[in-house]
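J.: Would you be able to build a 3D model of this:
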Amino acid sequence: MALTTYYNPLRGTRRRRNYDVFRANLGVPLVAVEWAQDGRFELSPRDADVLIQVQGGDLMWQKERLLNCGLARIRSEGLARDVAIVDADVVFEAPDWHKRVSAALDKCPIVQCQSLIDHLPPLPPDIRTRDALAAVAPERSIESLACVLAQGKPLFTLDAETVRLQAVANFPPSSGSTGMAIAVRLADLPSFELYDGNIVGGGDLLMATAFIGRLKELFDVRNYASGHEADAFAWAARCLPRQPRLGWADNRVMHLWHGSLADRQYGERLHILGPRGYDPAIHLDRSGQAMRFTPCASELKNAVAHYLASRNDA
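T.: Now for the predicted structure:
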């Protein structure tokens, strides 16, 4: 079973178009969690096998929070043993990708679903099928982090080509990609949840370093405030297995274009939270399905909203 989120607070057209292509090529049952602050939802029951719709909350990166809502439903209703948590803008090249993921989960309870990510250029709307997408030359390709670590490469690097591929300015990037899709075997991870405290994004990297027991190395090269670090360490102790490991499945995944990497401002976003002393325990209200800022976080709330609006990736 696959789990994804859909949220389009700026009402752009690319996200919905990419979701439809993703859904059409997925090939497994899908649980989708849609978030709309104002309750104006875009998805209908035909757009997923199980559709969960969440409203309210404030404008921030709610992705992991929503995914946790989906994981809770899958657990409570016993919908699946293995869950692939997949971004709603990717297509796997191989129709049997899920079989490779399940085989990888036999060896490790958390895996990246792919070994290679191809980032595709903007495409005309008639290129929608798996075969048509696979024939497109990618703008750039990068291996998954678990795959490159198995080759003996470092966790972080200053290699010029990797810096270009990861598009992170002024900070050493990870040697491989941490995003797009991971899978978990729920029976082996009874307390597993995703970390929801990275409210400008970047949760994929934080979780990947935690999965391999190297979270402190991330904090050594990124500007995290002490309260943010403490919150992440507490999540890892509560939700992750004692023996840190991250596997991968030998799949190629194609990432559908939804804006330039430069517009995502991956380096710039690292300056939003740390200098403001961000502490999820103080600045976030996690009492609902969607998170809100607490009254003391008004300046932070404005900064996060400005960043998300400036990404131009809707």
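J.: Can you give me the pLDDT of Ala167?
T.: pLDDT, Ala167: 59.
J.: I meant Gly78, not that one.
T.: pLDDT for Gly78: 97.
J.: give me phi/psi at the spatially closest residue to Cys147 that is not a sequence neighbour?
T.: Spatial nearest neighbour of Cys147, excluding adjacent residues (CB to CB, 6 or more residues apart in numbering): Ser115 at 4.5 Å. To be clear about C-beta, it is placed using only N, CA and C from the backbone, and glycine gets the same treatment. Main-chain torsions, Ser115, degrees, to the nearest 10: phi -100, psi -20.
J.: pLDDT below threshold where in the protein?
T.: Low-confidence segments of the chain (pLDDT under 70): 162-171, 259-267, 312-314.
J.: in the stretch 151-300 of the chain, which spans are helices?
T.: 160-166, 203-211, 215-221, 226-239, 261-264, 270-273, 280-283, 298-310 (DSSP state H, counting those that start in this stretch).
J.: which one of those helices lies closest to Lys63?
T.: For those, proximity to Lys63 was assessed by CB to CB; helix 203-211 is nearest, at 7.0 Å.
J.: ok and that closest one relative to helix 226-239, angle-wise?
T.: 60 degrees (axes from the mean of the first three to the mean of the last three CA atoms, to 10 degrees).
J.: what about the residue nearest to Cys147, neighbour count?
T.: For Ser115, the count of nearby residues is 21 (other CB atoms under 10 Å).
J.: where does it sit relative to Thr4, distance-wise?
T.: Counting by CB to CB, to the nearest Å, the separation of Ser115 from Thr4 is 20 Å.
J.: Stretch 77-91: end-to-end distance?
T.: End-to-end distance of stretch 77-91 (CA to CA, to the nearest Å): 27 Å.
J.: Now it: buried residues?
T.: By neighbour count on 16 or more other CB atoms under 10 Å, the buried set for stretch 77-91 is Leu79, Ala80, Asp82, Val83, Ala84, Ile85, Val86, Asp87, Ala88, Asp89, Val90, Val91.
J.: How about Ala208, nearest residue that isn't a chain neighbour?
T.: Thr178 (4.0 Å).
J.: can you check Tyr7 too?
T.: In space, and not counting its chain neighbours, Tyr7 is closest to Trp35: 4.2 Å by CB to CB, 6+ apart.
J.: and the one you found, what are its bridge partners?
T.: Tyr7, Val54 (DSSP bridges).
J.: Tell me where the protein has strands.
T.: According to DSSP state E, the chain carries its strands in the segments 2-7, 30-36, 50-55, 82-86, 90-92, 110-112, 116-119, 140-143, 181-185, 247-248, 252-255, 284-285, 292-293.
J.: That'll do, ta.
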